[in-house]
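K.L.:
Predicted structure and sequence below. I'll ask about it afterward.
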Amino acid sequence: MTTIAAAVPSRSLRRAAVATPLVYGAVAIGTLLALWFAATSIPGVVQAKVLPSPLAVVERFATLSVETFSGSTLTGHALASLGRWLIGVGVAVALGVPLGVLLAWLPPFRPAVTPAFELVRYVPPFAWVPIAVLWFGASTTTQALIVFIAAFPACVINTQLGLSHVDPILLRAAKTLGAGATTTLARVVLPVAAPAIFTGVRIAFSNGWMALVGAELIVGKQGLGFLISQGQINDSAATILVGMTTIGVLGALIDVVLQRLQRVALPWRPASAKPLE
């Protein structure tokens, strides 16, 4: 009975710990919306051309959802952006994680790769836009390449750091039990480094999403970034805000999905573990 009674407050505290950030977040967003509504409702404070009211943005959102604007509906622009983003981050993860493993697990491999990698990773993704356009034109390949360039370093760096921070005692214990290098890597090192690797993937996804929108603003012919640029050309602040809101919501949803996947894929990760960033 004592054990059961002690468990009930514990579950209540956990629920309260989860609910409190949600309440704070809802209050913050509600306050922001209230200030926005008040600023746009008082005559002479803010011009509708500069900052439309929340109701005007909602109406524009509904219109863009069913009517084409610059060749597609809002859903079409969002799907175009997501498709390019998935290509870029998919290739970044597929190449970046193995490269990070090689850099951490095979020290002789580092001198051959690290100098070139360090040189390339400090070049901003948008600096690649002109040369990418010369190579591939204003195409999906160009925008996916910009996403790849923005996402790739996070995968490599966090994977390398994750493997490098594995406790040497675990490696010695595996060797004592007769495990070879491949077995140690697969059954000891990678599971221990998995949280850091997953964090690198999350950062890569975020960086790639932001870089994609920037690339679409410059060379896009469809997508959320292109939608924003067309809103500017058409002098429609409501269209710009609809695009910005959609970008933010989709980005947040992507990160929520990744966090859920991380909890499912890495159930052994301690709740207090701090990611490497």
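P.N.:
Noted; the coordinates are in hand.
K.L.:
and the strand or helix carrying residue 149, which residues are buried?
P.N.:
Secondary structure from DSSP states H and E places residue 149 in helix 140-164. Neighbour-count burial for helix 140-164 flags 140, 142-163 (criterion: 16 or more other C-beta atoms under 10 Å). Where you see a C-beta, it was placed from the backbone N, CA and C, and this is true even at glycine.
K.L.:
and stretch 159-166, how far from the chain's centre?
P.N.:
With C-alpha atoms, centre = their mean, to the nearest Å as the basis, stretch 159-166 stands 21 Å off its chain's centre.
K.L.:
my bad, should have said stretch 236-244
P.N.:
That offset, for stretch 236-244, works out to 22 Å (C-alpha atoms, centre = their mean).
K.L.:
pLDDT of that stretch, averaged?
P.N.:
The pLDDT scores in stretch 236-244 average 91.
K.L.:
give me the element residue 40 is part of.
P.N.:
Here residue 40 is assigned to helix 2-41, by DSSP H and E.
K.L.:
In space, what's closest to residue 175 - neighbours in sequence excluded?
P.N.:
With C-beta to C-beta, 6 or more residues apart in numbering as the criterion, residue 175 has its nearest non-adjacent residue at 7.0 Å, and that residue is residue 184.
K.L.:
There's contact between the one you found and residue 174 in this structure, I believe.
P.N.:
Yes: taking C-beta atoms under 8 Å as the definition, residue 184 is a contact partner of residue 174 at 4.4 Å.
K.L.:
sorry, back to before: how much space is there between the residue nearest to residue 175 and residue 178?
P.N.:
Distance from residue 184 to residue 178, counting by C-beta to C-beta, to the nearest Å: 10 Å.
K.L.:
what about the two, which has more around it?
P.N.:
Taking neighbours as other C-beta atoms under 10 Å, residue 184 and residue 178 compare with residue 184 leading, 19 against 7.
K.L.:
Contacts only, for that one.
P.N.:
171, 174, 175 (C-beta atoms under 8 Å, 6 or more residues apart in numbering).
K.L.:
Which neighbouring elements make contact with the helix or strand containing the second one?
P.N.:
Which is residue 174. Element membership for residue 174, per DSSP H and E: helix 168-176. Applying 3 or more C-beta pairs under 8 Å, 6 or more residues apart in numbering; DSSP states H and E, one finds that helix 168-176 contacts helix 181-184.
K.L.:
quick one: buried residues of the helix it packs on?
P.N.:
Neighbour counts over helix 181-184 (16+ other C-beta under 10 Å) mark residue 184 as buried.
K.L.:
Can you identify the element that follows that helix toward the C-terminus?
P.N.:
Counting by DSSP H and E, the next helix or strand C-terminal to helix 181-184 is helix 190-219.
K.L.:
hmm, who's touching the helix or strand following that following helix?
P.N.:
Going down the chain from helix 190-219, the next helix or strand is helix 224-233, by DSSP H and E. With contacts defined as C-beta under 8 Å, 6+ apart, helix 224-233 is touched by 64, 69-70, 74, 77-78, 81, 212-217, 220, 237-240, 242-244, 246-247, 250.
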